[in-house]
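>>> Provide a 3D model corresponding to the input given below.
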Amino acid sequence: MKILHIIEQLYLGGAEKDLINKANYLADYYDINNYIFCFFRKGPLANSLNEKITLIYRNYSHKLYAVIKEAFLLEKIINNIKHEIIK
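The predicted structure follows:
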């Protein structure tokens, strides 16, 4: 099974920590391929990801530019990888 997680960035917030905990758990105990897509930049919590998790990001300095550019990249990723769950 493939799961695509979409988040703005992996900074020190509660949603980010929750996402990392869930993705690491699923990667360790189940046969699930996790992909994390960050719209803006990866952030400091990216270092705590399991090596089985694919992190997709680009470092942009301007959020509006990042959202516009990454929306097109996200569409390509969704069409190419064929995830069963997108959250």
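>>> And the strands in the protein?
Secondary structure of the chain by DSSP state E: the strands cover 2-9, 33-41, 54-56, 85-86.
>>> Please state the offset of the second one from the chain centre?
Here strand 33-41 is found 2 Å from its chain centre; the criterion is CA atoms, centre = their mean, to the nearest Å.
>>> so what's residue 36 closest to, chain neighbours aside?
residue 5 (4.7 Å; CB to CB, 6 or more residues apart in numbering). Quick note: C-beta positions are derived from backbone N, CA and C, even for glycine.
>>> Highest mean neighbour count out of the strands of the chain?
strand 33-41 (a mean of 20; mean count of other CB atoms under 10 Å).
>>> Next, the angle from that one to strand 2-9.
Here strand 33-41 runs at an angle of 20 degrees relative to strand 2-9 (axes from the mean of the first three to the mean of the last three CA atoms, to 10 degrees).
>>> Strand 33-41 pairs with which strands, parallel or anti?
Applying DSSP bridges, strand 33-41 is found paired with strand 2-9 (parallel), strand 54-56 (parallel).
>>> can you map out the helices along the protein?
14-29, 63-81 (DSSP state H).
>>> Let me know which of the ones you listed is the nearest to residue 44.
Nearest to residue 44, of all those, is helix 14-29, at 9.5 Å by CB to CB.
>>> how near is residue 5 to residue 75?
16 Å (CB to CB, to the nearest Å).
>>> Right, I'll call it a day here.
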